[in-house]
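**Q** sequence and predicted structure are below.
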Amino acid sequence: MKLPLPAALVLVLWPLSAAAQEPSPDALYQRALALHDSGDYSGAIAIYKELLKTAPENETVRYELTYSTLAKGDTTETIRLATEGARKPGPTQVRYFELLGNAYDAEHRTKEAVEAFKRGIKVDPSYAPIHFNLGVAYGGQQKLKDAREAFEDAIAADPRYASAQWGIAAVYAADGYRIPAILAYGRFLSLERTTQRSAAAAKGLRELVTAGVTGTSPENLQLLINPDTKKDLGDFSVLELMLSLAVAGNQLKDAAPKSDAERAADVFALFMSMLAEKAGDYKRGFIGKTYIPFYVELVKAGHATPFAYVTLAPLKMTGTNEWLAGHRAEVAALEQWLRAYGVK
């Protein structure tokens, strides 16, 4: 038989029970992160502010508050918070400068954005994203050389940083560097192949590969030779001609018909093999030190053909799925090689 608790004891136990059910600060923090990831930036901000009431010096929470504030689109408040955070030396200082620069950039205050990014780079030049964001700011001003150099610095800091590879490929393409753009798009696709950017990168790569040839049939094919090809990043004119000849040759009728994917992959794989053979001519500069070794090792490991198929897979050309399904072991070996390449 249960006896009812005295009323006074019930009143004493209730607040203790309620307090025991309150989430811990860590649980609240994790909840805020989840809200941010789901797009509820206001909900995340509210929790961060509550946490700061009891731990006002918690830099992790203050940074996340600033990050969510920028994501919400409140650039004025972001500038205030980021300016305050960037004054304090520490592991988050460079990230505050990054947020400050992005907030200025969002307000089209490009000069101040560039200054913020450069100040952050002085704090920590090894932080690749701030170089990338500086490149984006320059790109928005059509300062392609400055943007390219900023992306190069981002890649030097982290060669596996996909966004920097994506950015520099776009700049190379916009500035008329055909071969460097192909190499950078391929390197980007070695790191990221399942996003909207991947489809755009594969499309850009394919268009650049075939850019040296016009015509839709063997009877009306024409090679396009550009005598004014830029050479300050390396003289790739011979390689461009070889690539165009490969594209033209691929248009000829074969005894056995080829799928669209097979034709495209054959040309790209052949291009990589030609590049590997000519690697000795391209040892200098950023291209020679960054991209050439990647493709040389890729070809040496026997992965050129699988790599051609997986990088062009986002285009969903006829025959792609069939080839990938029939060469699972080769694709798996390629994926293992890509994961290991460049990892220290």
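**A** Great, that's in hand. Numbering: from 1, shown residues only.

**Q** pLDDT weak spots in the stretch 1-150 of the chain?
**A** 1-21 (pLDDT under 70).

**Q** quick one: contacts for residue 28?
**A** Residues counted as contacts of residue 28 (CB atoms under 8 Å, 6 or more residues apart in numbering) are 47, 50, 51. C-beta coordinates here come from the backbone N, C-alpha and C atoms, glycine included.

**Q** how about the first one, secondary structure?
**A** For residue 47, the reduced secondary structure class is helix; criterion used: DSSP: H, G, I helix; E, B strand; the rest coil.

**Q** just give the nearest non-adjacent residue to it, would you?
**A** Computed as CB to CB, 6 or more residues apart in numbering, the closest residue to residue 47 that is not its neighbour in sequence is residue 32, at 3.9 Å.

**Q** tell me how far that neighbour lies from residue 295.
**A** 44 Å (CB to CB, to the nearest Å).

**Q** and these two? Which one has more around it.
**A** Shown here are residue 32 and residue 295; by other CB atoms under 10 Å, residue 32 has more neighbours (25 against 21).

**Q** CA atoms of the strand or helix carrying the more buried one as PDB?
**A** Following DSSP states H and E, one finds residue 32 within helix 25-37. The C-alpha coordinates for helix 25-37 follow below in PDB (Å, rounded to 0.1, in the frame of the first residue of the first chain):
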ATOM      1  CA  PRO A  25      25.700  23.100 -21.400                       C
ATOM      2  CA  ASP A  26      27.400  20.600 -23.700                       C
ATOM      3  CA  ALA A  27      24.000  19.200 -24.700                       C
ATOM      4  CA  LEU A  28      22.700  22.700 -25.400                       C
ATOM      5  CA  TYR A  29      25.800  23.400 -27.500                       C
ATOM      6  CA  GLN A  30      25.300  20.300 -29.500                       C
ATOM      7  CA  ARG A  31      21.700  21.300 -30.000                       C
ATOM      8  CA  ALA A  32      22.700  24.700 -31.300                       C
ATOM      9  CA  LEU A  33      25.200  23.100 -33.700                       C
ATOM     10  CA  ALA A  34      22.400  20.900 -35.000                       C
ATOM     11  CA  LEU A  35      20.000  23.800 -35.400                       C
ATOM     12  CA  HIS A  36      22.700  25.700 -37.400                       C
ATOM     13  CA  ASP A  37      23.200  22.700 -39.700                       C
END
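
**Q** list the buried residues in it.
**A** Under the neighbour-count criterion of 16 or more other CB atoms under 10 Å, helix 25-37 has 28, 29, 32, 35, 36 buried.
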